[in-house]
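Novice: here you go, sequence then predicted model.
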Amino acid sequence: MSENGPMWLTRAEDVVAHLYFAAAEIGAASLELGALKIPGSLSFPNSEEQTFSFFSHGEVSLDGVNIDEGQIVRFDYSQGESTYSFISEIVEVSETQARRRWKIRFPNAIERNERRLVRRHRVLGRQGFSVTTDRLGDRLPQKLYDIAAAGLSIVVPTRNDLKVGEGFTGSLHLPGREPIPCQIELRNIRPFPGDPNHKLAGCRFASLNDSDREAVSSLLASLE
């Protein structure tokens, strides 16, 4: 937790990226509805509808509980020492394949106890992880240092004249998958550990469609 209290995700694109990460790499969560605390699992979000689904586990009696559209619920979940929570609204509740499905509106903010937006996966040295763009290396594959549902870090020569804030179009290459078109924005430039001839260009995904972000998130969840 920061010195000034909890930290919040409030940018819409950060919230969406985090929900993909939470569904793929955490999954388990609890929903609080009044005095009820219901365990279950998070699903991938639907950006078009601005909703995600929560599937509750086990038999939880809702007898005598009023559930209406727009009713406020709270979610809590964690990964290691990282904890997350948010408040949102119910869109609908239904039964599907013997499970109760809670359709929930995207939250406006997510509270977290540390700065990390999502878990980053170090992929330097792994085969198949790279990005190509006209802006970097004349479309020659550029190695990735790490990658997450929200963005990636690219290994570039120190002499490269990238500027923080600029955006460019690229193709993301992942093992066993077709290239994924994406728009990326440079957020920071930092030294490459132990190599003065290279630096790391930290980028966020400025545009990535739902199916591609789901593919990235699912692959990252499978990495050891």
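Specialist: Now that the structure is in, tell me what you want to look at. Numbers count the residues shown, from 1 in each chain.

Novice: break this structure down into its structural domains.
Specialist: For the chain, automatic domain parsing gives the domain ranges 7-112, 121-222.

Novice: make TSV out of these and add mean pLDDT and mean neighbour count.
Specialist: Bear in mind the C-beta positions are built from the backbone N, C-alpha and C, glycine included. Shown next, in TSV, are the domains of the chain (pLDDT from 0 to 100; neighbours: other C-beta atoms under 10 Å):
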stretch	mean pLDDT	mean neighbour count
domain 7-112	91	16
domain 121-222	91	16
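
Novice: list the contacts of the closest residue to Leu172 other than its chain neighbours.
Specialist: The shortest distance from Leu172 to any non-neighbouring residue, by C-beta to C-beta, 6 or more residues apart in numbering, is to Ile180 (4.3 Å). Neighbour list for Ile180: 171-174, 208, 212, 215-216 [criterion: C-beta atoms under 8 Å, 6 or more residues apart in numbering].

Novice: check the protein for its longest helix and report it.
Specialist: helix 210-222 (DSSP state H).

Novice: which strands and helices sit next to it?
Specialist: helix 12-21, strand 180-191 (3 or more C-beta pairs under 8 Å, 6 or more residues apart in numbering; DSSP states H and E).

Novice: alpha carbons of it, as CSV, please.
Specialist: Below are the C-alpha coordinates for helix 210-222, written out as CSV (Å, rounded to 0.1, in the frame of the first residue of the first chain):
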residue,chain,number,x,y,z
ASP,A,210,-11.2,-8.5,-27.3
SER,A,211,-10.4,-11.8,-29.0
ASP,A,212,-6.7,-10.9,-29.3
ARG,A,213,-6.4,-9.6,-25.7
GLU,A,214,-8.1,-12.9,-24.6
ALA,A,215,-5.5,-14.8,-26.6
VAL,A,216,-2.6,-12.9,-25.0
SER,A,217,-4.1,-13.3,-21.5
SER,A,218,-4.7,-17.0,-21.9
LEU,A,219,-1.2,-17.6,-23.2
LEU,A,220,0.4,-15.7,-20.4
ALA,A,221,-1.6,-17.6,-17.8
SER,A,222,-0.1,-20.8,-19.2
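
Novice: how far off centre is that helix?
Specialist: Offset of helix 210-222 from its chain centre (C-alpha atoms, centre = their mean, to the nearest Å): 9 Å.

Novice: OK, contacts around the nearest residue to Arg99 once chain neighbours are set aside?
Specialist: Nearest non-adjacent residue to Arg99, counting by C-beta to C-beta, 6+ apart: Phe55, 4.9 Å away. Phe55 sits next to 40-41, 43, 96, 99-102 when contact means C-beta under 8 Å, 6+ apart.

Novice: what separates Phe55 from Phe44, distance-wise?
Specialist: Relative to Phe44, Phe55 is positioned 12 Å away (C-beta to C-beta, to the nearest Å).
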